[in-house]
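Undergrad: what would the 3D arrangement of this be:
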Amino acid sequence: MSRALQLAQEAGAAGEVPVGAVILDETGAVIGAGRNLREATTDPTAHAEIIAMREAARVRGSWNLEGCTLVVTLEPCLMCAGALLQAHISRLVFGAWDDKAGAAGSLYDVVRDRRLPVRAEVIGGVEADAAASVLRDFFADRRES
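TA: Here you go, the predicted model:
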């Protein structure tokens with residue numbers, strides 16, 4: 001989570017919503033990392049999780065990331081939760097809960113939906129205070145500007 005938080009801070013410093021993500025393989029090695037890049041790329045899908053999954057798939061040489069863990073500072077949205085399932089990521093670890101758009105237990109619970117053929121283990125609230133603080137500070141600064 002510390003690497004994901006560092007990426008979130010980098011995103012915020014660049015004017016992006018401060019979210020960071022890493023993908024760990026079965027041994028715990030980082031095989032993908034990303035931060036929000038929507039503003040820089042003008043790509044609405046350039047969320048931290050998507051960037052990290054793309055890098056991990058390139059490193060692995062396969063879209064199938066079964067056995068991997070996605071660590072992200074904010075509970076994934078519907079798009080990212082769907083992508084996580086499409087990539088067959090086995091575990092999701094996230095920091096802050098997102099009551100407005102979260103799709104891993106807050107607003108929706110897509111990643112554990114028993115109606116779907118693929119599910120992921122979810123561990124939420126890891127370093128939640130630190131992750132929420134990065135977001136709170138970013139938006140407080142934006143409101144003051």
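
Undergrad: so who does the nearest residue to residue 60 once chain neighbours are set aside touch?
TA: Excluding its sequence neighbours, the residue lying closest to residue 60 (CB to CB, 6 or more residues apart in numbering) is residue 31, at 6.3 Å. Heads up, the C-betas are built off the backbone N, CA and C, glycines and all. Neighbouring residues of residue 31 by CB atoms under 8 Å, 6 or more residues apart in numbering: 23-25, 55-56, 59-60, 68.

Undergrad: same list (the residues you listed) but as CSV, adding neighbour count.
TA: Converted to CSV, those look like this (neighbours: other CB atoms under 10 Å):
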residue, neighbour count
23, 28
24, 20
25, 16
55, 18
56, 26
59, 15
60, 18
68, 24
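
Undergrad: from these, which is closest to residue 49?
TA: residue 23 (8.8 Å; CB to CB).

Undergrad: double-check that residue 139 belongs to a helix.
TA: Yes - Residue 139 forms part of a helix when assessed by DSSP: H, G, I helix; E, B strand; the rest coil.
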